[in-house]
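Prediction below, plus the sequence it came from.
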Amino acid sequence: MNGLQISIIVLSVSFGLFSFFLWLSIIGTATEGRRKVEKRMDKIASKKSGLTLQIQEKKKERKSSILKRAMDGSKQSVQRKKLMDTIFNELILADIMMKPEEFCLVWLVLTFVPAGLAALFKAGLMPSATLAAVGAFLPILFIKIKKGRRIKAFEGQLGDTLIMICNGLKSGFSFQQTMENVANDMPPPIGIEFGRVCNEIRYGATMEEALNNMVDRVKSPDLMLVVSAVLIQRTTGGNLSEILTTISQTIKERIQIKGEISSITAQGRMSGMIIGALPICIAAVLMVVNPDYMSTFFTTTAGKIMLAVSAVMEIIGFFAIRKVVTIEY
């Protein structure tokens with residue numbers, strides 16, 4: 001290893017450490033208000049007796065300071081905070097027990113470390129760019145798969161949960177008490193989501209806001225149907241247990257139909273996934289293994305035309321197969 005390579009390694013390590021500490025400082029500034037709110041909520045939850053006047057005054061002071069920082073902060077810092085909150089919700093929905101800061105750090109490592117090593121050992125621009133793109137895409141794909149599985153498990157538990165709520169309502173419990181029973185007795189993920197709803201109500205949110213927040217997080221059509229029925233019943237009145245019993249039967253029938261449709265369209269969906277992903281995966285492998293061979297597609301006119309035609313045909317084929325295997329019910 002010559003002196004130039006040693007200098008490049010030292011420079012890369014120094015730049016990586018500088019980027020790491022810079023990112024930590026940005027994350028710390030962006031999440032300062034949320035961390036203080038969480039710390040305040042933990043202190044409130046640990047109290048067994050009522051809050052004293054002094055604690056209430058401190059709450060008001062901290063709330064006013066948080067609002068003042070939010071108003072005085074720049075637009076860029078607000079966008080970073082929204083980004084971290086979005087990542088936090090996605091991690092919760094995907095059942096990934098990581099902080100947003102930790103996930104962002106892993107994301108940056110997967111994106112830049114393999115590409116940096118490839119550039120360090122003179123692999124070329126194309127392999128480095130390909131590794132960076134793959135490293136940036138893998139965490140997103142992982143979250144999407146985990147999130148889909150969790151939502152599917154949530155919808156599978158929803159019918160039994162509604163029956164449990166109906167039995168509680170018939171026994172004389174209020175709707176909020178039945179939700180607390182669901183949070184305590186039902187396994188994840190539905191127990192965790194109803195627990196978040198109960199916590200939001202306990203800390204000052206209305207039931208409508210807490211239920212709508214759960215719908216925004218989970219994004220399940222079945223849950224949206226349940227929440228809409230509950231909110232309409234709270235406005236117009238009626239027998240909530242009978243309404244939820246009917247919805248429970250409807251959801252179970254929808255799940256059964258969904259399972260049958262999934263079995264019928266499994267071959268078509270798998271064929272579409274393989275046909276759509278195979279050219280992209282082969283191109284990515286060739287860009288890393290034999291970049292000179294793939295460079296022809298980017299440096300010649302015929303290669304660029306072939307890439308453009310291939311991309312258009314891939315998109316058309318994707319939407320055509322999706323149209324065939326997607327059945328509305």
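Cool, the structure landed.

so what are the domain limits for this protein?
For the chain, the structural domains run 3-44+54-147, 149-263, 266-325, going by automatic domain parsing.

possible to save these as JSON lines with mean neighbour count?
Any C-beta I mention is one placed from the backbone N, CA and C, and that applies to glycine too. Converted to JSON lines, these look like this (neighbours: other C-beta atoms under 10 Å):
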{"stretch": "domain 3-44+54-147", "mean neighbour count": "14"}
{"stretch": "domain 149-263", "mean neighbour count": "16"}
{"stretch": "domain 266-325", "mean neighbour count": "13"}
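
can you redo the ones you listed as a markdown table with mean pLDDT?
Converted to a markdown table, the domains of the chain look like this (pLDDT from 0 to 100):
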| stretch | mean pLDDT |
| --- | --- |
| domain 3-44+54-147 | 68 |
| domain 149-263 | 87 |
| domain 266-325 | 83 |
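
Helices of this structure, start to end?
3-30, 32-46, 53-72, 75-93, 100-120, 125-170, 175-185, 190-202, 207-218, 221-236, 240-264, 266-289, 291-299, 301-325 (DSSP state H).

got the contact list for the closest residue to Gln157 other than its chain neighbours?
Spatial nearest neighbour of Gln157, excluding adjacent residues (C-beta to C-beta, 6 or more residues apart in numbering): Ile190 at 4.3 Å. For Ile190, the set of contacting residues under the criterion of C-beta atoms under 8 Å, 6 or more residues apart in numbering consists of 154, 157-158, 161, 182.

hmm, try it at 10 Å
150, 153-158, 160-161, 182-183, 218, 223 (C-beta atoms under 10 Å, 6 or more residues apart in numbering).

same thing with Arg217?
89-90, 92-93, 193, 196-197, 223.

Which one of those is nearest to Pro279?
Distances from Pro279 to the contacts of Arg217, taken as C-beta to C-beta, are shortest for Glu90 (28.6 Å).

Give me the distance between the residue most central in space within the chain and Val230.
Here the mean C-alpha position of the chain is nearest to the C-alpha of Glu90 (C-alpha atoms, centre = their mean), at a distance of 1.9 Å. Look at Glu90 and Val230: by C-beta to C-beta, to the nearest Å, they are 26 Å apart.

Phe318 now?
Spatial separation of Phe318 from Val230 under the definition C-beta to C-beta is 38 Å.

Asp292 too?
If you measure Asp292 against Val230 using C-beta to C-beta, the figure is 63 Å.

thinking again about what came up before, mind putting the contacts of Arg217 into TSV with distance to Leu120?
Converted to TSV, the contacts of Arg217 look like this (distance: C-beta to C-beta, whole Å):
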residue	distance to Leu120
Asn89	36
Glu90	32
Ile92	37
Leu93	37
Glu193	45
Arg196	45
Val197	50
Leu223	49
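
from the residues you listed, which is closest to Lys304?
Of all the contacts of Arg217, the one sitting nearest Lys304 is Glu90; the distance, using C-beta to C-beta, is 36.0 Å.

That closest one reaches Cys104, doesn't it?
No - taking C-beta atoms under 10 Å as the definition, Glu90 is not a contact partner of Cys104, at 11.8 Å.

residues touching the residue nearest to the centre of the chain, list them.
Contacts for Glu90 were tallied using C-beta under 10 Å, 6+ apart; they are 96, 100, 103, 140, 143-144, 146-147, 217.

make it 6 Å
In this structure, Glu90 makes contact with Ile143, judged by C-beta atoms under 6 Å, 6 or more residues apart in numbering.

how near is it to Pro100?
When C-beta to C-beta is applied, the distance between Glu90 and Pro100 equals 9 Å.

Then Ile321?
Ile321 sits 35 Å away from Pro100, going by C-beta to C-beta.

How about Val324?
Look at Val324 and Pro100: by C-beta to C-beta, they are 38 Å apart.

How about residues contacting stretch 266-282?
Stretch 266-282 has contacts (C-beta under 6 Å, 6+ apart) with 318, 321, 325.

mind checking how far that stretch is from the chain centre?
For stretch 266-282, the distance from its own C-alpha centre to the chain's C-alpha centre is 24 Å (C-alpha atoms, centre = their mean, to the nearest Å).

Please export the C-alpha coordinates of it as PDB.
Coordinates of the C-alpha atoms in stretch 266-282 are reproduced here as PDB (Å, rounded to 0.1, in the frame of the first residue of the first chain):
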ATOM      1  CA  ALA A 266     -50.200 -15.700  -6.500                       C
ATOM      2  CA  GLN A 267     -48.800 -17.100  -9.700                       C
ATOM      3  CA  GLY A 268     -49.400 -13.900 -11.700                       C
ATOM      4  CA  ARG A 269     -48.000 -11.700  -9.000                       C
ATOM      5  CA  MET A 270     -44.900 -13.800  -8.700                       C
ATOM      6  CA  SER A 271     -44.400 -13.800 -12.400                       C
ATOM      7  CA  GLY A 272     -44.700 -10.100 -12.500                       C
ATOM      8  CA  MET A 273     -42.200  -9.700  -9.700                       C
ATOM      9  CA  ILE A 274     -39.600 -12.000 -11.300                       C
ATOM     10  CA  ILE A 275     -40.100 -10.500 -14.800                       C
ATOM     11  CA  GLY A 276     -39.900  -6.900 -13.500                       C
ATOM     12  CA  ALA A 277     -37.000  -7.400 -11.100                       C
ATOM     13  CA  LEU A 278     -34.800  -9.800 -13.100                       C
ATOM     14  CA  PRO A 279     -33.500  -7.200 -15.700                       C
ATOM     15  CA  ILE A 280     -32.800  -4.700 -13.000                       C
ATOM     16  CA  CYS A 281     -31.000  -7.200 -10.800                       C
ATOM     17  CA  ILE A 282     -28.900  -8.500 -13.700                       C
END
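
No more questions from me, cheers.
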